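> One predicted model, sequence on top.
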Amino acid sequence: MVWSQVYDPFGDMLLSAGVAAIPVVVLLGAIAFFEVRAHYAALLGLAAALCVAIFAFGMPPGMAGLAAAYGAAFGLLPIGWIILNVIFLYQLTSENGDFAVVQRSISGISSDRRMQVLFIAFSLGAFFEGAAGFGTPVAVTAAMLMGLGFAPLAASGLSLIANTAPVAFGALGSPVIALAAVTGLDLHELSGMIGRQLPLFSIIVPFWVIWAYVGFRRMLEVWPPIAVAGVSFAIPQYLVSNYHGPWLVDIIAAVVSMASLALFLKVWKPAHEMADHDGGPVTPAAPETRADADTIPRATLLRAWTPWLLLSVCVFLWGTPQVKAFLDSLWVYKHPVAGLDGLVQKVPPVVATPHAETAIYSLNLLSATGTGILIAALLSGLVLGRTPWQLLRTYGRTLYLVRYSLITIAGMLAIGFVTRYSGTDATLGLLLANTGWLYPFFGTLIGWLGVALTGSDTASNVLFGGLQRVSAEQLGINPVLMAAANSSGGVMGKMIDAQSIVVASTATKWYGHEGTILRFVFFHSVALAVLVGLLVSAQAYLWPFTLLAP
């Protein structure tokens, strides 16, 4: 029997939205304020989500349970699979001191900690976002910053803040492609509109990250390289998104940003370097670091960087549609979730016409990004001289290390899928959609809310893309603008979604401190989302929405 979602079960939108928000409040409140371990908080949030879905919104219990199981499976693959294998690679490079060589060579670019954050968390992180997405950039950059001696909170929080500007085009344009599919709007128009919103924030975010790290005064000391990193990312982001499409935006922009920053730092040095992990002044021994980097034997340097080069190549290959299609043609198992698939119906005003939600779990083990990372790690192990038995032992230790993180990620995704199939997340979106002329601002926050709930800009676009088009057309606002705002606003929610926070805490071996990380990034997430909302409002009312259109 088909069950139609009910978005206002109490006949009062404010009350219904308040009840719908209970799972989110329980989850984030338990983590942020009561310091509950993340896997316990996830279970509490899941229990709350099931109760709200069944008793308040009338979802059949069997469907609610299946939605939770479906979400947990999705949490383990692809997301948990990525985290497990990234940490495995990091463990391999750390055990015999190879990562220390990487650390010294990065110091050769700049021994200033602010520049290392800029290069790794912003520029390099954007490359991994564009190639893979799904937690890969935060996992890699947080682990690298931790290996460079950054405190766990700094490594986690700064990686999360930096991983915002590239998210809308992440994983070879998949968020924009999904947005076009669910809204029926032109893919290139959506890509161009997002590319006229985010470049401004691609310039702001690098300054914001360094400000969050060392404060405003010390940020101003290094404004020239920050501007170089941001502008050299923003210009290609605008050009590629408007004149080519969404597929290679982040990869091209990230490569240009990394190259520009590295070249600039060859001719520019800060007057006062900061070389310790908390942004303090350089120590007397630190100036020797760059000289040490120059004396590393070429063979040693190549050996140390090989795992990260292999990771970049494999992640890029596994992200291309052609490779994915080929690997899926070899083997993929798709399992319709009986009792859920096609039996939950979304209805207006969330969608223009009623349609049934699919629920098909795809076990694409060959084409999963985590498999590409695992192959990179295994090849790296052989290059580093590890025996198969040593690789197996390291993998076993890694699995033990991330055991609670995998449980947590499964729980987080279970919550997300219960809220999606019960319609409670749509209820929250509808509350923001009923804001009249303020809709451009609050519509942007719908995207922020969607990513905060689901952990994915792609998922948020699928969830709220149709709602954005319907609401915009009813209010006489250009639907391309508001659909794009869903994606652009969503990127600022990425840093506070529970999944990303657990990824960061795992990568920095700081599991159990998710509440501290959440409190660190929450203000930055809200403030940046508000700024995006103001920009979209200006595009809607003050400037033509086609501003800077090709």
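Noted; the coordinates are in hand. Numbering: from 1, shown residues only.
> For the protein, give me the ranges with low pLDDT.
Scanning the chain for pLDDT under 70 picks out 276-294, 544-550.
> Name the single longest helix found in it.
As assigned by DSSP state H, the longest helix anywhere in the chain is helix 514-541.
> which helices and strands does it pack with?
helix 22-32, helix 152-162, helix 198-214, helix 439-454, helix 479-490, helix 498-507 (3 or more C-beta pairs under 8 Å, 6 or more residues apart in numbering; DSSP states H and E). C-beta: built from backbone N, CA, C; applies to glycine.
> Mind putting these into a markdown table with distance to residue 535 and mean neighbour count?
Below are these laid out as a markdown table (distance: least, C-beta to C-beta, whole Å; neighbours: other C-beta atoms under 10 Å):
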| stretch | distance to residue 535 | mean neighbour count |
| --- | --- | --- |
| helix 22-32 | 26 | 21 |
| helix 152-162 | 18 | 27 |
| helix 198-214 | 7 | 23 |
| helix 439-454 | 8 | 28 |
| helix 479-490 | 8 | 30 |
| helix 498-507 | 23 | 30 |
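> returning to that earlier point: distance from the chain centre to the longest helix of the chain, please.
A distance of 15 Å separates the centroid of the chain from that of helix 514-541, by C-alpha atoms, centre = their mean, to the nearest Å.
> try stretch 114-132
For stretch 114-132 - counting by C-alpha atoms, centre = their mean - the centre lies 12 Å from the chain centre.
> Any idea how far apart the tips of it sit?
End-to-end span of stretch 114-132 (C-alpha to C-alpha, to the nearest Å): 26 Å.
> same thing with stretch 351-359?
For stretch 351-359, the first-to-last residue distance is 18 Å (C-alpha to C-alpha).
> one step back: can you add distance to residue 16 and give the helices and strands packed on helix 514-541 back as TSV?
Converted to TSV, the helices and strands packed on helix 514-541 look like this (distance: least, C-beta to C-beta, whole Å):
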stretch	distance to residue 16
helix 22-32	11
helix 152-162	31
helix 198-214	33
helix 439-454	15
helix 479-490	21
helix 498-507	23
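> what sits against the nearest residue to residue 63 once chain neighbours are set aside?
Once flanking residues are discounted, residue 63 sits nearest to residue 340: 5.5 Å by C-beta to C-beta, 6 or more residues apart in numbering. Listed by C-beta atoms under 8 Å, 6 or more residues apart in numbering, the contact partners of residue 340 are 63, 66, 67, 70, 359, 421.
> about what we covered before: so which of the helices and strands packed on helix 514-541 gets nearest residue 530?
Across the helices and strands packed on helix 514-541, residue 530 has its closest neighbour in helix 439-454 (8.1 Å, C-beta to C-beta).
> related to what we said a few turns ago, so which of the contacts of residue 340 is surrounded by the most neighbours?
residue 67 (29 neighbours; other C-beta atoms under 10 Å).
> Return the distance of it relative to residue 236.
Remark: distance between residue 67 and residue 236 (C-beta to C-beta, to the nearest Å) = 40 Å.
> Residue 111 now?
28 Å.
> With residue 222 instead?
From residue 222 to residue 236 the distance is 22 Å (C-beta to C-beta).
> next one: residue 158
Residue 158 is 23 Å from residue 236, by C-beta to C-beta.
> before we move on, what about residue 490?
According to C-beta to C-beta, residue 490 and residue 236 sit 21 Å apart.
> again, but for residue 85
Taking C-beta to C-beta, one finds residue 85 at 29 Å from residue 236.
> Tell me which of these two has more neighbours.
Higher neighbour count among residue 85 and residue 236: residue 85, with 27 against 24, using other C-beta under 10 Å.
> from memory the more buried one sits against residue 370, does it?
Yes. Contact criterion C-beta atoms under 8 Å: residue 85 and residue 370 qualify, at 5.0 Å.
> Return the residues in contact with the residue lying closest to residue 155 once chain neighbours are set aside.
Of all residues beyond its chain neighbours, the one nearest residue 155 is residue 145 (3.8 Å), with distances taken as C-beta to C-beta, 6+ apart. If a contact means C-beta under 8 Å, 6+ apart, then residue 145 has 116, 117, 120, 121, 154, 155, 158, 159, 508 as its contacts.
> In JSON lines, list those residues along with distance to residue 354.
Formatted as JSON lines, the contacts of residue 145 follow (distance: C-beta to C-beta, whole Å):
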{"residue": "116", "distance to residue 354": "52"}
{"residue": "117", "distance to residue 354": "48"}
{"residue": "120", "distance to residue 354": "47"}
{"residue": "121", "distance to residue 354": "44"}
{"residue": "154", "distance to residue 354": "48"}
{"residue": "155", "distance to residue 354": "47"}
{"residue": "158", "distance to residue 354": "44"}
{"residue": "159", "distance to residue 354": "41"}
{"residue": "508", "distance to residue 354": "45"}
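> for residue 62, helix, strand, or coil?
When classified by DSSP: H, G, I helix; E, B strand; the rest coil, residue 62 comes out as helix.
> just to confirm, which helix or strand has the closest residue to it other than its chain neighbours in it?
By the measure of C-beta to C-beta, 6+ apart, the closest residue to residue 62 outside its immediate chain neighbours is residue 339, 5.7 Å from it. Assigned by DSSP states H and E, residue 339 belongs to no helix or strand.
> Just to check, residue 528 is in contact with residue 167?
No. In this structure, residue 528 is not within contact of residue 167 by C-beta under 8 Å, at 11.7 Å.
> Of those two, which one has the most company?
The neighbour comparison of residue 528 against residue 167 (other C-beta under 10 Å) goes to residue 167, with 28 against 23.
> residues touching the more buried one, list them.
By C-beta under 8 Å, 6+ apart, the contact set of residue 167 is 129, 133, 175, 451, 457, 490, 491, 494.
> Please list only the buried members of those.
For the contacts of residue 167, a neighbour count by 16 or more other C-beta atoms under 10 Å gives the buried set as 129, 133, 175, 451, 457, 490, 491, 494.
> Dump the residues you listed into JSON lines; add distance to residue 445 as well.
Listed next are the buried ones among the contacts of residue 167 as JSON lines, based on distance: C-beta to C-beta, whole Å:
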{"residue": "129", "distance to residue 445": "22"}
{"residue": "133", "distance to residue 445": "22"}
{"residue": "175", "distance to residue 445": "17"}
{"residue": "451", "distance to residue 445": "11"}
{"residue": "457", "distance to residue 445": "14"}
{"residue": "490", "distance to residue 445": "10"}
{"residue": "491", "distance to residue 445": "12"}
{"residue": "494", "distance to residue 445": "14"}
